[in-house]
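S.K.: Have a look at this fold, sequence not included:
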Ligand code: LLP
């Protein structure tokens with residue numbers, strides 16, 4: 001995932017992100033003045049870009065029974081969820097907390113699929129009792145989970161709709177940390193054990209088998225791994241139905257990549273149409289198809305703005321110290337991810353090579369290495385493609401308040417998350433009682 005070189009040609013996020021003269025703009029708004037008005041670090045999102053990314057899936061699926069379930073782990077801010085809920089989108093969740101967020105943002109439990117290997121009893125109950133009839137489907141990852149879910153569903157007098165997440169053992173050809181469909185991953189039920197698991201599920205009275213799913217990884221830039229995984233799923237669908245168990249939907253997961261540097265992932269519409277072609281060719285065109293995209297709906301719709309605090313030229317390296325850090329955007333520190341960095345206002349002085357780093361007390365606290373930039377203290381930098389796995393993975397390490405967030409929507413600028421007040425960071429902590437007699 002670490003890629004050298006600079007983003008070439010159009011900016012990742014174009015046409016929503018563009019350079020007009022010296023100024024970087026997102027959805028028509030100059031970014032440097034927004035940074036000065038709202039302070040930094042600041043995430044800024046384009047609502048138009050999010051809607052357009054979703055529409056690319058939805059248009060290609062028109063006329064088919066389908067549901068796009070936004071994998072909200074990528075960016076779970078309420079206004080982002082609201083944007084997708086208003087556009088008819090469902091949600092892929094992985095915790096009870098995410099379910100609460102969906103409902104708070106106006107999403108419907110009937111369009112929620114619940115993924116994850118470690119669902120607790122409490123989370124199962126919460127999902128069974130959400131909305132009028134619980135979540136749409138549990139994506140179950142093991143036989144013990146089936147048994148636990150059956151017990152919980154019967155205890156509340158419901159039947160849980162289930163899909164089994166199959167580990168298709170295909171190589172998504174992406175970074176090992178975010179590849180999830182190989183045999184040695186913790187995810188899903190092995191292909192060879194799936195038929196027995198379906199028989200077990202069909203025999204449990206608290207469950208209703210409705211589908212099959214997989215998710216093979218993230219930041220996938222080719223169509224072929226998806227086609228391989230779909231083939232493996234459809235082989236199983238045939239076998240499961242031959243055993244007398246009907247399957248309503250096929251959920252092909254998420255994982256479509258975006259452009260960080262020079263990647264050229266297929267457009268969502270191309271991915272969708274290739275998968276639909278394969279479904280049709282194999283005689284499964286009547287089935288409802290589900291997608292769980294995260295990154296491809298939000299990644300290129302957002303930037304993280306940071307202000308240059310100090311320039312620290314050195315013998316071995318030049319450091320540009322900004323006010324955003326690994327706690328705001330952990331992808332570079334965690335995966336060695338390369339994310340483009342652009343000055344919000346271009347200078348006409350010659351560029352110098354910098355490591356762009358944050359103020360956190362860790363050598364791993366960097367946002368970009370070896371970047372050629374013309375800078376002065378006080379300049380605003382934009383880390384591009386920061387709409388996915390940015391704020392959603394932010395922490396309070398070093399007792400740093402999490403950033404504020406803006407949503408741009410046409411002419412409007414909405415503050416969708418205030419900067420956290422420092423007091424709030426320890427509001428739920430308690431001092432121990434003072435020793436008696438002092
Ligand atoms: N469905 C399931 C079951 C998943 O586990 C994931 C992501 C998705 C859908 C959405 O995948 P996407 O379309 O966003 O690729 N933090 C890492 C990415 C971790 C992805 C985890 N699962 C990163 O920053 O690259």
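M.R.: Yes, it's here. Everything quoted here is computed from the prediction, not taken from an experiment.

S.K.: who's residue 291 bridged to?
M.R.: Bridge pairing for residue 291 (DSSP bridges) gives the partners residue 68.

S.K.: My understanding was that it contacts residue 71; is that so?
M.R.: No - counting by Cβ atoms under 8 Å, residue 291 sits too far from residue 71 to count as a contact (9.2 Å). The C-beta positions use only the backbone N, C-alpha and C, and glycine is treated the same way.

S.K.: who touches both of those two?
M.R.: Overlap of the contact sets of residue 291 and residue 71 (by Cβ atoms under 8 Å, 6 or more residues apart in numbering) consists of residue 254.

S.K.: got the phi/psi numbers for the closest residue to the ligand within the stretch 1-150 of the chain?
M.R.: Using Cβ to the nearest ligand atom, the single residue of the stretch 1-150 of the chain nearest to the ligand is residue 71, 3.4 Å away. In this entry, residue 71 is assigned phi and psi values of phi -80, psi 90 (degrees, to the nearest 10).

S.K.: and it, what does it touch?
M.R.: Counting by Cβ under 8 Å, 6+ apart, the residues that residue 71 touches are 91, 92, 254, 292, 293, 294.

S.K.: So what's the residue count around the first one?
M.R.: Using other Cβ atoms under 10 Å, the number of residues around residue 91 comes to 30.

S.K.: that's a strand at it, yeah?
M.R.: Yes - in this structure, residue 91 lies within a strand as judged by DSSP: H, G, I helix; E, B strand; the rest coil.

S.K.: quick one: pLDDT of it?
M.R.: Note on residue 91: pLDDT of 99.

S.K.: hmm, back to that, with adjacent residues omitted, what lies nearest to the residue of the stretch 1-150 of the chain closest to the ligand?
M.R.: Nearest in space to residue 71, with sequence neighbours left out and distances taken as Cβ to Cβ, 6 or more residues apart in numbering, is residue 294 at 3.3 Å.

S.K.: before we move on, what about residue 253?
M.R.: Nearest in space to residue 253, with sequence neighbours left out and distances taken as Cβ to Cβ, 6+ apart, is residue 215 at 3.0 Å.

S.K.: Isn't the one you found up against residue 226?
M.R.: No - counting by Cβ under 8 Å, no contact exists between residue 215 and residue 226, whose distance comes to 10.6 Å.

S.K.: about what we covered before: ok, the contacts of residue 71 vs residue 108, which is closest?
M.R.: Compare each of the contacts of residue 71 with residue 108 using Cβ to Cβ and the shortest gap goes to residue 91, at 8.9 Å.

S.K.: Bridging across strands, which residues link to the closest one?
M.R.: Residues found in beta-bridge contact with residue 91 (criterion: DSSP bridges) are residue 70, residue 112.

S.K.: Equivalent analysis for residue 20, please.
M.R.: Assessed by DSSP bridges, residue 20 has beta-bridge partners residue 23.

S.K.: that older thread, the residue nearest to residue 71: how many residues sit nearby?
M.R.: Around residue 294 sit 25 other residues, with neighbours defined as other Cβ under 10 Å.

S.K.: Tell me how far it lies from residue 100.
M.R.: 18 Å (Cβ to Cβ, to the nearest Å).

S.K.: The chain against the ligand: which residues are in contact?
M.R.: Where proximity means Cβ under 6 Å from any ligand atom, the interface of the chain facing the ligand comprises 71, 73-74, 92, 115, 178, 215, 218-219, 253-256, 292-296, 331, 389.

S.K.: for residue 66, phi and psi?
M.R.: Dihedral angles for residue 66 - degrees, to the nearest 10 - are phi -160, psi 160.

S.K.: Looks like it contacts residue 285 (just checking).
M.R.: No - here residue 66 lies out of contact with residue 285, judged by Cβ under 8 Å, at a distance of 11.8 Å.

S.K.: Of these two, give the one with the bigger neighbour count.
M.R.: Between residue 66 and residue 285, counting by other Cβ under 10 Å, residue 66 is the more crowded of the two (19 against 14).

S.K.: and the residue lying closest to that one once chain neighbours are set aside, how many neighbours?
M.R.: For residue 66, the nearest residue in space outside its immediate sequence neighbours is residue 289; the separation is 5.1 Å by Cβ to Cβ, 6+ apart. Residue neighbour count, defined by other Cβ under 10 Å, stands at 21 for residue 289.

S.K.: can I assume residue 289 sits in a helix?
M.R.: No - counting by three-state DSSP, residue 289 is not part of a helix but strand.

S.K.: Return the residues in contact with it.
M.R.: Contacts for residue 289 (Cβ under 8 Å, 6+ apart) come out as 61, 64, 65, 66, 249, 250, 251, 252, 275, 276, 279.
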